[in-house]
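In: I'd like to go over a predicted model; first the sequence, then the structure.
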Amino acid sequence: MTALSDDEQELLREFIDSLWLERGLSPHTRNAYLTDLRGFALWLAGRGSSLRQAGREAILDHLGWRLQQGYQARSTARLLSALRTFYRYLLRERLIDEDPTLQVELPQLGKPLPKSLSEAEVEALLAAPDIAEPLGLRDRAMLEVLYACGLRVSELVALSLEQINLRQGVLRVLGKGSKERLVPLGEEALIWLQRYQAEARGLLLAGRPSSVLFPSQRGEQMTRQTFWHRIKLHARHAGILKPLSPHTLRHAFATHLLNHGADLRVVQLLLGHSDLSTTQIYTHVAKARLQALHAAHHPRG
């Protein structure tokens, strides 16, 4: 079995010591660096090379070998980060003439899948506010609109009366980059919105003039943080224990549309994504539904 030379072991020890002395890295991080670098050094030794001799081609070959071995992209990205730090140290100490990692790109990690809710969980969340109270009726209408339209929370709290057309059942949303889009409300959201405007909005404003569609108790535009707090409160009441994000209902909107056969480009338009690749992440969330459709309808499914 190939083993590291005393010189290489001493080199790695000095490098790890420098991480503690100069950057104050934790023992856990230092151990992770050491494990990754030892693995690379052993791979090199098995091919008759060493850490100081390794060039860009050797690093690329090793990354390719890791891909064949089934290593995760995130693990390889961590290794490359360790290699870059290590070879910068060697360059600074004048132990090598050039950094072999300079033109080596990080592997694509991909975006993490967004957290979503099942349709049953969404129904429980929508039903959680106490609609006998003006605040509860406002929150119910806000949640219904948020889910029906796939809005960002910032877009929801910024809605004004002039952006809503109850007769046509659409919202005119001002999204990122001041881009406007029209989003249909849907029958259920429209019903709750009409009820909220008739029964609760005036009580919340208490005679104060405002164009804000969903005012706070002080009659002002609500902050994103305030409504996010309200979502978490209603989630607890609904018995939803999984971690939520401010975009949870937006993610559920997109996922459930795709699950029910919506076209990806339609979902892109509704979400206000400028790039289809941003929307495509939801096809992974809806993978089970897509696989079921394929099995049901493809001749060789």
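Out: Nice, I can see it.
In: Pass me the low-pLDDT residue ranges in this protein, would you?
Out: Applying pLDDT under 70 to the chain picks out residues 1-2, 106-115, 275-278, 280-301.
In: For stretch 96-103, list every residue counted as buried.
Out: Neighbour-count burial for stretch 96-103 flags 96, 99, 100, 101 (criterion: 16 or more other Cβ atoms under 10 Å). To be clear about C-beta, it is placed using only N, CA and C from the backbone, and glycine gets the same treatment.
In: could you pull out the strands for this structure?
Out: Here the chain has its strands, by DSSP state E, at 164-165, 170-174, 180-184.
In: what's the closest non-adjacent residue to residue 185?
Out: residue 169 (4.8 Å; Cβ to Cβ, 6 or more residues apart in numbering).
In: so who does that neighbour touch?
Out: By Cβ atoms under 8 Å, 6 or more residues apart in numbering, the contact list for residue 169 reads 184, 185, 186, 187, 190.
In: residues touching the fourth one, list them.
Out: Right, the one you point to is residue 187. Counted by Cβ under 8 Å, 6+ apart, residue 187 has contacts residue 169.
In: let's have the chain start at 139 instead
Out: Sure, I'll start counting at 139 from here, so that last one is residue 325.
In: how near is residue 318 to residue 255?
Out: Distance, residue 318 to residue 255, by Cβ to Cβ, to the nearest Å: 28 Å.
In: re the thing from before, in helices only, show me the buried residues of stretch 234-241.
Out: Secondary structure defined by DSSP state H assigns none of the buried residues of stretch 234-241 to helices.
In: Give me whichever of the strands of the chain is most buried.
Out: Highest mean neighbour count of the strands of the chain: strand 308-312, a mean of 18 (counted as mean count of other Cβ atoms under 10 Å).
In: Partner strands of it and their direction?
Out: strand 302-303 (antiparallel), strand 318-322 (antiparallel) (DSSP bridges).
In: how about the longest one as PDB, C-alpha atoms only?
Out: What follows is strand 318-322, C-alpha atoms only, in PDB (Å, rounded to 0.1, in the frame of the first residue of the first chain):
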ATOM      1  CA  GLU A 318     -44.600  44.000 -14.400                       C
ATOM      2  CA  ARG A 319     -46.600  40.800 -14.900                       C
ATOM      3  CA  LEU A 320     -50.300  39.900 -14.800                       C
ATOM      4  CA  VAL A 321     -51.200  37.000 -12.600                       C
ATOM      5  CA  PRO A 322     -54.700  35.400 -12.400                       C
END
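In: contacting residues around it?
Out: Contacts for strand 318-322 (Cβ under 8 Å, 6+ apart): 286-289, 307-313, 407-408, 410.
In: re the thing from before, turn the buried residues of stretch 234-241 into JSON lines, columns for distance to residue 217.
Out: What follows is the buried residues of stretch 234-241, written out as JSON lines (distance: Cβ to Cβ, whole Å):
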{"residue": "234", "distance to residue 217": "18"}
{"residue": "237", "distance to residue 217": "16"}
{"residue": "238", "distance to residue 217": "14"}
{"residue": "239", "distance to residue 217": "11"}
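In: Name the nearest of these relative to residue 160.
Out: residue 237 (17.6 Å; Cβ to Cβ).
In: Tell me if I'm right that the closest one and residue 227 touch.
Out: No: using Cβ atoms under 8 Å, residue 237 is not in contact with residue 227, being 10.0 Å away.
In: can you tell me how far residue 261 sits from residue 174?
Out: From residue 261 to residue 174 the distance is 47 Å (Cβ to Cβ).
In: Of those two, give the one with the bigger neighbour count.
Out: Legend: neighbour count by other Cβ atoms under 10 Å for residue 261 and residue 174, higher for residue 174 (19 against 13).
In: surely that one meets residue 222?
Out: No: the pair residue 174 / residue 222 is not scored as a contact, 11.3 Å apart, by Cβ under 8 Å.
In: so what sits against both of the two?
Out: What both residue 174 and residue 222 touch, as defined by Cβ under 8 Å, 6+ apart, is an empty set.
In: wait, what's in contact with residue 344?
Out: residue 357.
In: What is the neighbour count of residue 194?
Out: Residue 194: 14 neighbours (other Cβ under 10 Å).
In: One more: the one 4 residues further on?
Out: As a burial measure, the neighbour count of residue 198 was computed by other Cβ under 10 Å and equals 14.
In: That one contacts residue 242, correct?
Out: Yes: applying Cβ under 8 Å as the test, residue 198 and residue 242 come out as touching, 6.5 Å apart.
In: so who does residue 237 touch?
Out: Applying Cβ under 8 Å, 6+ apart, the residues contacting residue 237 are 222, 225, 226, 229.
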